[in-house]
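Q: Give the three-dimensional model of this entry:
(chains A and B)
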Amino acid sequence: MGKHADVWQGTLALMILKTLETMGPQHGYGIARRIEQTSGHLLLVNYGTLYPALLKLEQGGYIASEWGVSDNNRRAKYYRLTRAGRKQVERATREWAQATEILARFLSPEEA
Amino acid sequence: MRALRAALLRVWGLLHRARRDRDLTEELDGHLRMHADDGLRAGLTPEEARRRARIMVGGVEQTKELYRERHSLPVPETLAQDLRYGWRMLWKHPAFAAVVILTLGLGIGANIAIFNIFDTVILRPLPFRDADRLYVVHEVVPAIASTTPLVPVNALHFQEWRAATRSFEDMALVGPADYTLTGAGEPARIIAARATPSLFRMLGAEPVLGRGFLDEEDAPGRDAVVLLGHDLWTARFAADPGIVGRAITLDGLPHIVVGVLAPGVGLAKLSHFYGVATSFEGPQLWKPFAAQPDELRLIGAHNYVAIARLRSGVSPAEALDDLEAVQEDLARRGPPRTAFGAALVPMSDQIVGRSRVGLQLVLAVVAIVLLIACINITSLLLARGGARQRELAIRRAAGASRIRLVRQMLVESLMMATVAGMAAVGVAAALVRIIRLYAPLDLPRVEDVGMDARAIAVTLGVTIVSGLLIGLLPAWRLTRTGSGGLLRAAPVTAAGGAGATRLRSLLVAVQVGASATCLIAGMLLLNSFIRLMSVDRGFSAERVLTVDLELPSVRYDTDDKGVRFLDALAQRVRSLPGVDSVGLADALPLSGVSRSAIMIEGSNLPRQERPAAAVRRADSGYFRTMGIGLRAGRLFEESDAGRRVAVISSLAARRLWPGQDALGRRFRFGPDDSPYVEVVGVVGDVRADSLSQDPPLSVYVPLSGFFSNQAVLAVRTTADPRAVSPAVRAIVRQLDPELAVPAARTMDEIVADSVAARRFQMMLVLLLAAAAVFLAGLGIYGVVSQAVAQRTAEFGIRMALGADSGRIRRLVLRQGLLPVGVGLAAGLTASVVAGRLLRSLLFGVSPTDIMPFAATSVFLVSIALVASLIPAWRASRIDPMAALRHD
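A: Next up, the predicted model:
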């Protein structure tokens, strides 16, 4: 598939949730496109990983789905964030920030 | 919580597969089209756009598969698939499946039947309230403790315990009894028991009709009341509830029925409660104990069973101390050098203890038979599996996980096992019924045996384990990787290669070892039985008819009446044609007889140090009729009437007057005021209690001088003893029409009955061991045949190079017998260890006797030879040219 890396499952879930928080309700294709854009096209979202991830989030109650009509008048399944999902985004964002900070301290050059 | 929600949704998802598939397809299609649309907008041609899209988004099928796995639970879905596939495979080979199901069905069924018996007799808690606090109390008399460690209980001692100890909530005393029931159908001897009123309370066995005994009824003169057992009530009194309050006639005296016990309640067989050998059967009705004055002597008869319920919070050790304190006190009140101790045996140990080892042995052997059968099936599956290896290799190459394939093969074997398991339930039920009805089992609680929920649960367990057992090894081996070679064009030999043969040979070794152990156990039992039957009994059982007589003391209230009746009876029977001799006694050999302390003239040993002898009352004809030989002196004669004489056994003579002539000596027995008797003769020793116990010291006194209401008539005939039975009974009826005469038995029957249980156990174990050996033989045959098929090409080459058929045969035999040898060695070693566990079942045979080991080895090697010779012979007939062309 070229030099594009496959996306890691756990981060994919967070990315999906964040995307929905930012963009509002969206269908699967739209979410995939958005993630690819946000990552500056360093990530390639394979729909083999996207749809199972969407299903997992839906089963966990973080997102909800319903059928609607897309821009080009096609039937598409739209996903939106639930309240639980919103809380999860906040919490996961906080945790990531903390983890990054701790790691940064390890990796930064020694203080004089 | 989230996980639970997700799991529930996945279960829900099981039900909506079709809709989900549709939805997903639509969603994925939409995604693809939108990607293509974007491409169009970017200026690509429609085909190019679609192509790029398809590449970008990845494989549809794999996505669907991943989605599906996530959506519902993968196992149930694929399981349904496995089941369908398995079912098809079984129908493709119905003969094989039938053999497997039949073998497993029989094997599992037999196991469940034996387990059910074991469970009911040994594992199940006793049907008494709080049974683990119930104990049987025995007395210990230190002076005779080396020969008789446990002594039955004395009634006075019991009363003292009851009054003086504080560790027991309650205590009861039980003793055997029998009465003649008249006025309700044919007069009959009813086996009964006497019990203190506390017994039923203690056991939680309240009557289902009426009431139990009152304390005031537990006294002589006030005890003309009975509790009917449920079976007797149904059989003799037509389950009439009106019987309560009415009188029945026992031994000629009216007794009021105060209640009826619930079915299955009470003590099943009194002899189980004694620490010494007795032959008291199950009581059918109960009277209050009502101890007579002569039973309440400090130094008196020890004939009864005491059962006690421990107070909660008291340990058995404390209770024992409490009891022994009372015993010491009692001993102090008696003559000097009296000593009594006590022993507490938990109720369950008392009842089932002696049956445990025997049942464990049978259970172990039948389980081994099932194991060997399963190994045979596994071996078969391994052999047949070779043909499936290609199919399995292809599936693995296409991406199926090993677990999946193993699981599928396990499903197949589990399916066969399940069908077998269902059949096994029926087999077990039938076997249990047959055993219960026809098998002579001296087991407590065997009446309760029957298929129940627990047995069914165990069937399920055993079925699953068997199914897994037979399927696991083949599944594991056949789904191994390294199967690249199997995808060659050339067909593989069906058997799966040398590795499989080695494995199967190992299995054969296990089978041989296991069946060797079973066979040795069976032979040890057989040897024991043979020894037992050939032991010197001291009497001759051939052609002797015996008839039990109970002369009710109401009508035979004087000794005179009784003696006249017996004399008349003996005389008339003696004059019947075909009668050789007639004898009378109060009990026959092998019927267990109580002991009395013997006091020889001139000695002043305290009672408890006196030797104890079995006292029998007999007439002079008894010895001749029973074939008991005279060693010195003479037997009873007419002239002895009025004199106090006795005949003693050789052992008694040696023990009581060592090194001296016993003739003319005097001794007495029984209460201290009884008269001395003079020894006039010495006879041979007789096994009075059972064949397996040494003859006791025996003393015989004339029936006329020491009359007993209980007598037995023995008739030695010239031809078949049963032929005179009707004539004898007619004579009895002539002399006294109201006498209940039970069926006559021959002495041979009595001897056979006394060892019936042991014989049955031996035959069962031998039968099972034979089955084990047979199955192992089949296993050997299978493996050797397969090895021959595999090595056909090799044999062909050998023969072409000059090997003769004899050499080929030897080669095959060597390969076939090697695992047998290994297995046999292992089995013999295991038997040496295991044999020790069987010691309690053996008689006159040591567990390391050479004979069973030698016989088993010879037998197994012969079977192995036969099983190997057939394929070996086939191998030697191979046509080298055909073999070399065989691929």
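Q: Quick check: what element follows the lowest-mean-pLDDT helix or strand in chain B along the chain?
A: In chain B, no helix or strand scores lower on mean pLDDT, DSSP states H and E than helix B:60-71, which sits at a mean of 69. Next in sequence after helix B:60-71, counting helices and strands by DSSP states H and E, comes helix B:74-92.
Q: How about that next one, which residues are buried there?
A: Neighbour-count burial for helix B:74-92 flags B:Glu77, B:Asp82, B:Gly86, B:Met89, B:Leu90 (criterion: 16 or more other C-beta atoms under 10 Å in any protein chain shown). Quick note: C-beta positions are derived from backbone N, CA and C, even for glycine.
Q: State the number of residues packed around the closest residue to the last one other than its chain neighbours.
A: In this structure, B:Leu90 finds its nearest non-sequential neighbour in B:Ala97, 4.6 Å apart by C-beta to C-beta, 6 or more residues apart in numbering or on different chains. When counting by other C-beta atoms under 10 Å in any protein chain shown, one arrives at 18 neighbours for B:Ala97.
Q: now B:Ala97: how far from B:Leu405?
A: From B:Ala97 across to B:Leu405, the span is 20 Å (C-beta to C-beta, to the nearest Å).
Q: Chain B contacts on chain A?
A: Residues of chain A lying near chain B by C-beta under 8 Å from any C-beta of the partner chain: A:27-29, A:32-33, A:44, A:46-48, A:51-52, A:55-56, A:59-61, A:70, A:72, A:74-77.
Q: Quick check: phi and psi on the one residue in the stretch 551-700 of chain B that gets nearest to chain A?
A: Chain A sits closest to B:Ser692 of the stretch 551-700 of chain B, with a gap of 72.4 Å, by C-beta to the nearest C-beta. Main-chain dihedrals, B:Ser692, degrees, to the nearest 10: phi -80, psi -10.
Q: Give the full set of residues in contact with it.
A: The contact partners of B:Ser692, by C-beta atoms under 8 Å, 6 or more residues apart in numbering or on different chains, come to B:Leu532, B:Phe843.
Q: what's the answer for B:Val579, then?
A: By C-beta under 8 Å, 6+ apart, the neighbours of B:Val579 are B:Val573, B:Val715, B:Arg716, B:Thr717, B:Thr718, B:Val724.
Q: Of those residues, select the buried ones using a ChimeraX command.
A: Selection of the buried residues among those in ChimeraX, burial being defined by 16+ other C-beta under 10 Å:
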select /B:573,715,716,717,724
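Q: For the contacts of B:Val579, work out which two are farthest apart.
A: Taking C-beta to C-beta as the measure, the contacts of B:Val579 span a maximum distance of 13.8 Å, between B:Val573 and B:Thr718.
Q: Contacts only, for residue 96.
A: Using chain A here. Applying C-beta under 8 Å, 6+ apart, the residues near A:Trp96 are A:Leu14.
Q: right idea, wrong chain: chain B
A: B:Leu380, B:Arg384.
Q: Using just helix, strand and coil, how would you label it?
A: helix (DSSP: H, G, I helix; E, B strand; the rest coil).
Q: And it, how close does it get to B:Arg384?
A: 7 Å.
Q: Could you pick out the longest helix of chain A?
A: When chain A is parsed with DSSP state H, its longest helix is helix A:83-107.
Q: Okay, buried residues for it please.
A: Buried residues in helix A:83-107, counted by 16+ other C-beta under 10 Å: A:Gly85, A:Gln88, A:Val89, A:Ala92.
Q: Serialize those residues to CSV and add fields for pLDDT.
A: Shown next, in CSV, are the buried residues of helix A:83-107 (pLDDT from 0 to 100):
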residue, pLDDT
A:Gly85, 91
A:Gln88, 90
A:Val89, 91
A:Ala92, 87
